[in-house]
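>>> prediction below, plus the sequence it came from.
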Amino acid sequence: MANNPFTLGIAAGRLSSEVLDRNFADLHPPLDRHEALVAADRCYFCHDAPCVTACPTTIDIPLFIRQVATGTPEAAARTIFDQNILGGMCARACPTETLCEEACVREVAESRPVEIGRLQRFATDTMMARDSHPYERAEKTGKRVAVVGAGPAGLACAHRLALHGHEVVVFDARPKPGGLNEYGIASYKTVDGFAQAEVEWLLGIGGIEIRHGMRLWDGLDLDELIKGHDAVFLGIGLAGVNALRIEGADLRGVDDAADFIAELRQAEDLSDLAIGRNVAVIGGGMTAIDAAVQSRLLGAETVTIVYRRGRDRMSASRYEQDLATSKGVRIVTHARPMRVIGNGAVQEVEFEYTRDGATGLEGTGETFRLAANQVFKAIGQTLKGASDALHIDDGKIRTDETGRTSLEGVWAGGDCATGGDDLTVTAVAEGRDAAEDIHNSILARAGTANETLRPGIESG
Ligand SMILES: Cc1cc2nc3c(=O)[nH]c(=O)nc-3n(C[C@H](O)[C@H](O)[C@H](O)COP(=O)(O)OP(=O)(O)OC[C@H]3O[C@@H](n4cnc5c(N)ncnc54)[C@H](O)[C@@H]3O)c2cc1C
Ligand code: SF4
C-alpha cells in the first residue's frame, strides 16, 4: 500500500482493501429469525399506534410486527409492500429515529424503541429472497403512462400504475435505475447491490419498460410525452446543486458532495477512489454527513463539517450527527465560508463565525482558517431545467395534495415537487398517491366506475 491517511494532497488507496471492506460493511446488519422474534416481542401492538401516524407511507406497523411475531414474515412483508413497494430500501435508509421509532411508545417510556426498521428489513428481505413477485396485475387497460425519473417516486408510481393494468414507460437520464437509491444513499446503508436488486424485483410486476439516457428538456419533450400518453408523472428529483458563491470556489479540489457520493456508489474498487488528507464539508444535511463519514471511511486524516447555524438547526438528525462524530468527523457550527484559498488547488478555507441577529444570520467579524485539500459543497440541491409551462414554488414544481401540477395531465412527486421533506419514504408515498389519482382520472375519463383497487386486498 503506497499511500496512507497522512499522504499529502488528494490520493487513492489510503487504506488497505480489508480495512475498506470493514469500513463500508452494513451499518445495521440484518436480524436473524430468533433476533427478529425477540425484537417483535417488544411491541405492545398499540391501538391507534403513533408509529403508524409517523410513517409517511402509513404502514400498519403493529400488524406487520405481529405477523413477524407469529412466524409469518412473508405476510408481514405483504403488509409493508401494500403501502410501500420500496419497503426494503426504506428499512435500510429511513431515518427511523425521527419517524416511526421516535414516535414508538417504548421510545417515549424507556428511550429504547421497538426496532421497527430492522424488523421491516427482516420481513421484506425474507419475501424478496423468494424468486417471485408477490403482486399480480389487474386486467390490461390499454392506457399508457409516461413516468420521468426512475428514482423512488417514479418507481413507486410506475409499480402502482402497472398493478392497475396500465402500461408504463419510465424515462431516466442516468444509465441505471433507482435514482438516489443507486447514486446517493450512503454505501454502508445499502450494501451488496441492493438498489439494483430491488428495482429488478419491483419490475417483476410486468408492464413497466425503463428507457435510459432520456433527459427531459434535453431531447425528451414534455409536450410530446403529454400527446403520446394518457398521463405523465414527473419524479425527476433535484439534479442541480447550489453554487458556492465565494472567492476561490472554482479551485481544484472544491467538489460537489453529491457527485463524490455518486462516484463512490459506482466505484468497483474503493481503493481506486481518491480522497483528500484534510477534508472540509460545507453544509448541515444528510448529504454533508454522508460525504464526511465516507471521506473518513476512505482514510482521510481529518474531516470537518462546517455549518452556518447551530446543531439543532441541522437537517441531519442527531443520530446522523452522532454517527459522524463516532467516526471521527468534527462538526463546527455557527460558521460560514468566506473564501477558498490556494494556488491552483485548494489549501485552506476561511470561515467567519455567525450568530442569529435581529434580521437573521449575521457574521461576527471573527474569522478562522481550516486546512483542506478537498472541500465538499453540500449546500442543497436544486431543480434542473424545468419548463416555463409548470408553476414553480420555492424552486420546486407546484403540486396539490394528489400530485397534480399546473399542467393538465401532468403529475409530480418526490424531491422535485412541493410539499415533501426530501426523504426516500416520502418520495415513495407521493409516487404511490399520484398513481392512484392518475388511475382514477384515467378511469373517470374512460367513463368507468371510479373505484380504486386496493392492492393487497383485491389482487394477488
Ligand atoms: C447524498 C444523499 C443521501 C441521502 N440519504 C438519504 C437517506 O439515508 N435516507 C433517506 O430517507 N433519504 C436520503 N436522501 C434523500 C433521498 O435520497 C431522496 O429524498 C429521494 O431519493 C427522492 O426520490 P425522487 O424519486 O424524488 O428523486 P431521485 O432519487 O433524485 O430520482 C430522480 C430520478 O430522475 C432522474 N432525472 C433527473 N432529471 C431528469 C431529467 N431531466 N430527465 C430524465 N430523468 C431525470 C434521475 O436520474 C433519477 O433517477 C439522501 C439524498 C442525498 C442527496
Ligand atoms: S408504537 Fe411501538 S410498541 Fe406501539 S405498535 Fe408501534 S412499534 Fe409497537
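Received the coordinates, thanks. Residues are numbered from 1 along each chain as shown. Ligands and ions are numbered 1, 2, ... in the order given.

>>> burial measure for the residue in the stretch 351-460 of the chain that ligand 2 sits nearest to, as a count.
Nearest residue of the stretch 351-460 of the chain to ligand 2 (Cβ to the nearest ligand atom) works out as residue 425 at 16.0 Å. In short, each C-beta sits where N, CA and C put it, glycine included. Residue 425 has 27 neighbours, counted by other Cβ atoms under 10 Å.

>>> list the buried ones in whichever strand or helix holds it?
Following DSSP states H and E, one finds residue 425 within helix 424-446. Along helix 424-446, these residues count as buried under the neighbour rule (16 or more other Cβ atoms under 10 Å): 424-443.

>>> which ones, among those, also lie beside ligand 1?
When contact is defined as Cβ under 6 Å from any ligand atom, the buried residues of helix 424-446 meet ligand 1 at 424-425, 427.

>>> Throw those into CSV and include pLDDT and distance to residue 301, thanks.
As requested, these are exported to CSV (pLDDT from 0 to 100; distance: Cβ to Cβ, whole Å):
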residue, pLDDT, distance to residue 301
424, 97, 32
425, 98, 35
427, 98, 36
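
>>> adding distance to residue 190, write those residues out as a markdown table.
Shown next, in a markdown table, are these (distance: Cβ to Cβ, whole Å):
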| residue | distance to residue 190 |
| --- | --- |
| 424 | 10 |
| 425 | 14 |
| 427 | 15 |
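
>>> so who does the closest residue to ligand 2 within the stretch 101-250 of the chain touch?
Among all residues of the stretch 101-250 of the chain, residue 104 sits closest to ligand 2, at 3.3 Å; criterion: Cβ to the nearest ligand atom. Contact analysis of residue 104 by Cβ atoms under 8 Å, 6 or more residues apart in numbering lists 50-51, 113-114, 116.

>>> switch those residues over to CSV; also include pLDDT, distance to residue 2 and neighbour count.
Shown next, in CSV, are the contacts of residue 104 (pLDDT from 0 to 100; distance: Cβ to Cβ, whole Å; neighbours: other Cβ atoms under 10 Å):
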residue, pLDDT, distance to residue 2, neighbour count
50, 97, 54, 16
51, 98, 50, 26
113, 97, 46, 22
114, 98, 48, 24
116, 98, 45, 28
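
>>> whichever residue of the stretch 201-350 of the chain sits closest to ligand 1 - how many residues pack around it?
As assessed by Cβ to the nearest ligand atom, ligand 1 sits closest to residue 237 within the stretch 201-350 of the chain, at 2.2 Å. Applying other Cβ under 10 Å, we find 24 residues neighbouring residue 237.

>>> might one say that the residue of the stretch 351-460 of the chain closest to ligand 2 is in contact with residue 55?
Yes: with contact defined as Cβ atoms under 8 Å, residue 425 and residue 55 form a contacting pair (7.3 Å).

>>> overlap of the contact sets of these two?
With Cβ under 8 Å, 6+ apart as the test, residue 425 and residue 55 both reach residue 99.

>>> for ligand 1, what are the nearby residues on the stretch 251-400 of the chain?
So the stretch 251-400 of the chain meets ligand 1 at 258, 261, 286-287, 290, 385 (Cβ under 6 Å from any ligand atom).
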